[in-house]
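In: Sequence below, structure please.
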Amino acid sequence: MRKVLGVLLGLVLVGLLAFGASVPKIALILATGGLGDRSFNDQSYWGAERAAKELAERYGVPVEQIFSYVEPRSIADYEGYQREFARTGEYTIIVCIGFDQAPVLEEVAPDYPDQKFVVIDAVAAADNVASVVFNDWEEAFLCGVVAGLWTKTNKVGMLGGMDIPLIRRFYQGFSQGARWANPAIKPEDVLVRYVGAWNNPVLGKELSLEMYQAGADVIYGAAGKSHLGVFAAAEENPGVWWAMGTDVDQAWSTPEHADVIIASGLKRVDLAVYTEIMKAVEGTWQPGVIVYGMVSESRIGTGIAVGKEDAFPPYVVASYSLVDIPNWIVEKVVEAAKGILEGTIVIEHE
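Out: Below you'll find the model as predicted:
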């Protein structure tokens, strides 16, 4: 009986395809940091892969038939990849990851008016582009709260990928959160260093060691693959130097460093990528700007992973960290999250 049902299902699928129910195709153009950052790019891939697996099961085809991705080595590669995918006319949606793809996409997208594009972390002004942005300063503020309460030196730091508005907003949120939680921390006590690249963990480690040696005992990473160097630096003095991840619970994505990662900011890039893909497939996709964050129409997309239990989901959720974070710190983070949601805490940012 099962064999008969299987054959019938196969015939139905073949019939659907024959009458025009074509298999959707997804293209993903990653940011220059590439896969392996266990954060921003990897999350983007996970979101697209999740959609591809669901669609592959739905249509009875291999994932590889639905999902294609590329890892540009430099910004100069973006235009070629965007045009290469678009000119085929085969892709239901082309997902472009990273703020620096937006200016290129503004030039490319109008040349392919029937092609749907998505850009993550920036706004591209074109009629066939959905631009997804996040309130990054919210996750950074919550990380600052944890850092401000955990520090023993009243000095903390942040490692940024590049000195650009996107990353400066992380720093602004982190600094305000640390000082909100711990008035003993002054603006000059929140150190920052910029790597100048998203894929240089060696330099990321050097700059992190510089901040640790300058007195910071907690460093927050917002530098893509480069901030893996923060974790490596903290491992040189475990129990004294601590680290914080971003975008995903990096105690989970980098379990080898779960002994020094006390918390991680959350930015649901995976959810955004998955959602835009499925909207395109289901026929509900629309161009325009989509904002994810606590203070947004969506009310989702940013938060923090800290402590052993979900304290205020989806904003304050459990982490895989091996470090015991006292309940009073988690409670203060929940207080901050509620303050952001209710508007009693307003995070200043450029």
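
In: Can you name every helix or strand that whatever helix or strand Leu207 lives in contacts?
Out: Assessed by DSSP states H and E, Leu207 sits inside helix 201-213. Using 3 or more Cβ pairs under 8 Å, 6 or more residues apart in numbering; DSSP states H and E, the elements in contact with helix 201-213 are strand 156-160, strand 190-194, strand 218-222, helix 228-234. The C-beta positions use only the backbone N, C-alpha and C, and glycine is treated the same way.

In: right, so the ones you listed: which one is the most enclosed?
Out: strand 218-222 (a mean of 32; mean count of other Cβ atoms under 10 Å).

In: Give me the angle between that one and strand 190-194.
Out: 40 degrees (axes from the mean of the first three to the mean of the last three Cα atoms, to 10 degrees).

In: For strand 218-222, which helices and strands make contact with it?
Out: helix 136-150, strand 156-160, helix 165-181, helix 201-213, helix 228-234, strand 242-245, strand 261-267.

In: 6 Å instead, please
Out: Helices and strands touching strand 218-222, by 3 or more Cβ pairs under 6 Å, 6 or more residues apart in numbering; DSSP states H and E, are helix 136-150, strand 156-160, helix 165-181, strand 242-245.

In: Name the surrounding residues that touch the first one.
Out: Counting by Cβ atoms under 6 Å, 6 or more residues apart in numbering, the neighbours of helix 136-150 from elsewhere in the structure are 156, 169-170, 172-174, 176-178, 181-182, 185, 218, 220, 244, 262-263, 265-267, 293-294, 302, 304, 306, 329, 333, 336, 340, 347, 349.

In: Now restrict the residues you listed to buried residues only.
Out: 156, 169-170, 172-174, 176-178, 181-182, 185, 218, 220, 244, 262-263, 265-267, 293-294, 302, 304, 306, 329, 333, 336, 340, 347, 349 (16 or more other Cβ atoms under 10 Å).

In: circling back to that earlier point, and the helix holding Leu207, what's buried?
Out: Residues 201, 203-205, 207-209, 211-212 are the ones in helix 201-213 that count as buried (16+ other Cβ under 10 Å).

In: Just give me the closest of these to Ile277.
Out: Pro201 (29.7 Å; Cβ to Cβ).

In: for the protein, which helix is longest?
Out: helix 40-59 (DSSP state H).

In: can you pull the buried residues of it?
Out: Neighbour-count burial for helix 40-59 [16+ other Cβ under 10 Å]: 40-52, 54-56, 59.

In: Kindly report the same for stretch 64-82.
Out: Buried, per 16+ other Cβ under 10 Å, within stretch 64-82: 66-72, 78-79, 81-82.

In: Farthest pair within those?
Out: So, those by Cβ to Cβ: farthest apart are Ile66 and Glu79, at 24.4 Å.

In: ok, back up a step: just send the helices and strands packed on strand 218-222 back as JSON lines, with mean pLDDT too.
Out: Formatted as JSON lines, these follow (pLDDT from 0 to 100):
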{"stretch": "helix 136-150", "mean pLDDT": "98"}
{"stretch": "strand 156-160", "mean pLDDT": "98"}
{"stretch": "helix 165-181", "mean pLDDT": "97"}
{"stretch": "strand 242-245", "mean pLDDT": "98"}
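
In: Looking at the ones you listed, spot the one closest to Ala232.
Out: Of these, nearest to Ala232 by Cβ to Cβ is strand 242-245, at 9.1 Å.

In: Can you give the contact residues for stretch 41-52?
Out: 26, 28, 30-31, 33, 35, 63, 66-67, 97, 247-248, 269-270, 273-274, 277-278.

In: Now do the contacts for Pro113.
Out: For Pro113, the contacting residues are Asn128, by Cβ under 6 Å, 6+ apart.

In: Would it be right to say that it lies in a helix?
Out: No. Read with DSSP: H, G, I helix; E, B strand; the rest coil, Pro113 is coil and lies in no helix.

In: What score does it have for pLDDT?
Out: We have a pLDDT of 98 for Pro113.

In: Fine by me, thanks again.
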